[in-house]
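Engineer: dropping the sequence and predicted coords here.
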Amino acid sequence: MKNVTILMYLKSRKNSKGEHPIYLRLTVDGKRKEMSLNRSISAKRWGKNRGKGSSEEIKILNKYLLSVEHRINQMEQELINNNILVTIEGLINKYNGVEDKIHTLVEVFKYENERIKRLVEVGTYKKYVTVLNHVEKYIEHQYNLSDIDINEIDHQFVTDFDYYLRTEKNIANNSTIRIVNTLKKIVRVTLDKGWIAKDPFRSYKPKKENVETRYLTQVEIDAIYKKEFSIKRLEQVSRVFVFCSYTGLAYVDVKLLSKNNIVKDMDGDSWIKINRKKTNTISKIPILPIAQEILDKYKDDPLVLNSGKLLPVLSNQKMNAYLKEIGDICGVKTQLTSHLARHSFATTIALTNGLPIETLSKIMGHKTLNMTLHYGKLLDTKLSSDVAKLKESLKKIKDDSNDSSKEDTNIEAV
């Protein structure tokens, strides 16, 4: 519980009547603010927090000062009853009748989440909801409250939240950093609006660990593709997964895929042309034979016909749950997720088979080549293969040069 003290005192300067203005000094856990009570009195008529004497004027003044004290105590109790952290700013704002200037972290986060929901794709919105859930649980764990004044967010709050995620929730380093950085985006909004004076994340500079991008081998992709499932839902999910493994489509994009996204080039080859939800960039993807086979398989499927989409894609949650089951059935040790298919396309299908990384970047709809390097890990086997080709090219150049030298020697001899 916060330590709140109230002090009425006289300013040393005198007003035009020769009296000292009466001021209120409010202190909450060492932080204090002062404000005029628009009353004044001579120093000899002033005692501890009250006027001295029994005159009617003193009685009226003391009654007013008592009402101020009672009102502050009442507002403090209201904050406590509403499970909101008591702060000096919150009490002063409530006293001055400007409660619209009181901002709490969860309140701001929920408001921003609603704006995000209308502006971005569902996946991003869900990420913010998840982070808000972590923040609410942390506030309850750390302060035994449901919300906290935005002015209480300081460097200590940030580092304690980071520590809580790593220890209490056992969240890995990179995921912890992503969660804290999402909170940072919300707090930055309050900084831009002038609700807080100092950026509490200024000194928060953790280092991400290099994590190897996971992907499936061609053997593992083939095992899933060739497996015949007796359960319809498993068959559907497995085929969508394989389709993404041969197109590099993310879950949100394959779910929205419709006939309007299929285009043909001058040679009559079919391509998928989409505006990627995540990056808002145009992506043009060749429809490889296996991907076309899967599209053909589901062109008359009732779910496809009713939805107007190209494939029967379930919710991401259900798809990931069924993929776990599919992985067990097919003997794939790597945990299957919808996003793993995108990684597998970049690494196993594209780069391993010689697709230039610049072309892959365009296909995947990345804004920068660095993004492609993150998804498409160069395999040691491809590295060896590329080096072998380089050696072969250099050997050919050397052989051609030697042959040329021999011809020159023969000409001279003649």
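Structural biologist: Good, I have the coordinates.
Engineer: can we go C-alpha only for contacts and neighbour counts from here?
Structural biologist: Fine.
Engineer: so where's the longest strand in this protein?
Structural biologist: Counting by DSSP state E, the longest strand found in the chain is strand 31-41.
Engineer: ok, and what's touching it?
Structural biologist: Outside strand 31-41, the residues that touch it by CA atoms under 8 Å, 6 or more residues apart in numbering are 19, 20, 21, 22, 23, 24, 25, 26, 27, 51, 88, 92.
Engineer: buried ones from those, can you make that a ChimeraX selection?
Structural biologist: Selection of buried members from the contacts of strand 31-41 for ChimeraX, criterion 16 or more other CA atoms under 10 Å:
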select :19,20,21,22,23,24,26,27,51,88,92
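Engineer: now, the contacts of strand 31-41 that are in helices?
Structural biologist: Using DSSP state H, the subset of the contacts of strand 31-41 located in helices is 88, 92.
Engineer: quick check: which ranges of this protein have low pLDDT?
Structural biologist: For the chain, applying pLDDT under 70 flags the ranges 1-2, 83-84, 98-102, 120-123, 211-212, 278-279, 374-386, 398, 401-414.
Engineer: which of the helices or strands spans the most centrally placed residue in it?
Structural biologist: Nearest residue to the geometric centre of the chain (CA atoms, centre = their mean): residue 182, 4.4 Å. Using DSSP states H and E, residue 182 sits in helix 173-192.
Engineer: and for residue 235?
Structural biologist: helix 232-245.
Engineer: pull the CA atoms of that helix into CSV?
Structural biologist: What follows is helix 232-245, C-alpha atoms only, in CSV (Å, rounded to 0.1, in the frame of the first residue of the first chain):
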residue,chain,number,x,y,z
LYS,A,232,-10.2,-36.2,-43.7
ARG,A,233,-9.1,-33.3,-41.5
LEU,A,234,-5.5,-34.7,-41.2
GLU,A,235,-5.4,-35.1,-45.0
GLN,A,236,-6.6,-31.5,-45.6
VAL,A,237,-4.1,-30.0,-43.2
SER,A,238,-1.2,-32.1,-44.5
ARG,A,239,-2.0,-31.0,-48.1
VAL,A,240,-2.2,-27.3,-47.2
PHE,A,241,1.1,-27.7,-45.3
VAL,A,242,2.8,-29.3,-48.4
PHE,A,243,1.2,-26.6,-50.6
CYS,A,244,2.9,-23.9,-48.4
SER,A,245,6.1,-25.9,-48.6
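Engineer: buried residues in it, which are they?
Structural biologist: 233-245.
Engineer: okay if I get those as CSV plus distance to residue 162?
Structural biologist: Below are the buried residues of helix 232-245 laid out as CSV (distance: CA to CA, whole Å):
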residue, distance to residue 162
233, 40
234, 39
235, 41
236, 40
237, 36
238, 37
239, 40
240, 37
241, 35
242, 37
243, 38
244, 35
245, 35
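Engineer: re the thing from before, what is the nearest of the contacts of strand 31-41 to residue 331?
Structural biologist: When those are compared for distance to residue 331 (CA to CA), residue 88 comes out closest, at 60.4 Å.
Engineer: isn't that closest one right next to residue 25, touching?
Structural biologist: No. The criterion here is CA atoms under 8 Å, and residue 88 misses it with residue 25 at 10.5 Å.
Engineer: quick one, what contacts residue 215?
Structural biologist: 334, 340, 341, 343, 344, 347, 348.
Engineer: nearest to residue 109, of those?
Structural biologist: The closest of those, once distances to residue 109 are taken by CA to CA, is residue 340, at 30.5 Å.
Engineer: what values do phi and psi take at that closest one?
Structural biologist: phi -60, psi -30 (degrees, to the nearest 10).
Engineer: can you pull the contacts of it?
Structural biologist: 214, 215, 216.
Engineer: could you dump those residues into CSV and include distance to residue 303 and secondary structure?
Structural biologist: Shown next, in CSV, are these (distance: CA to CA, whole Å; DSSP: H, G, I helix; E, B strand; the rest coil):
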residue, distance to residue 303, secondary structure
214, 31, coil
215, 29, coil
216, 28, coil
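Engineer: export those as CSV, with columns for distance to residue 286.
Structural biologist: Listed next are the contacts of residue 340 as CSV, based on distance: CA to CA, whole Å:
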residue, distance to residue 286
214, 23
215, 20
216, 20
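Engineer: coming back round to it: nearest to residue 391 among the buried residues of helix 232-245?
Structural biologist: Taking the buried residues of helix 232-245 together and measuring to residue 391 by CA to CA, the closest member is residue 245, at 31.8 Å.
Engineer: I'd guessed that closest one sits against residue 338; true?
Structural biologist: No. Judged on CA under 8 Å, residue 245 makes no contact with residue 338 at a distance of 9.3 Å.
Engineer: where strands are concerned, which of the contacts of strand 31-41 count?
Structural biologist: Using DSSP E, the contacts of strand 31-41 in strands are 20, 21, 22, 23, 24, 25, 26, 27.
Engineer: sorry, back to before: can you give the contact residues for the helix holding residue 182?
Structural biologist: Contacts of helix 173-192 (CA under 8 Å, 6+ apart): 105, 108-109, 112, 128, 131-132, 150, 158, 161-162, 165-166, 196-199, 201, 206, 208-209.
Engineer: what helices or strands is the helix or strand just after that helix leaning on?
Structural biologist: Scanning forward in sequence from helix 173-192 by DSSP H and E, the next helix or strand is helix 218-226. Contacts defined by 3 or more CA pairs under 8 Å, 6 or more residues apart in numbering; DSSP states H and E place helix 218-226 against helix 232-245, helix 316-330.
Engineer: which one of these lies nearest to residue 393?
Structural biologist: helix 232-245 (32.4 Å).
Engineer: look up the closest residue to residue 264, ignoring the ones flanking it.
Structural biologist: Distances taken as CA to CA, 6 or more residues apart in numbering place residue 270 nearest to residue 264, at 4.5 Å, with adjacent residues excluded.
Engineer: before we move on, back to that, ok, which of the helices and strands packed on helix 218-226 comes nearest residue 97?
Structural biologist: Between those, helix 316-330 lies closest to residue 97; by CA to CA that is 46.4 Å.
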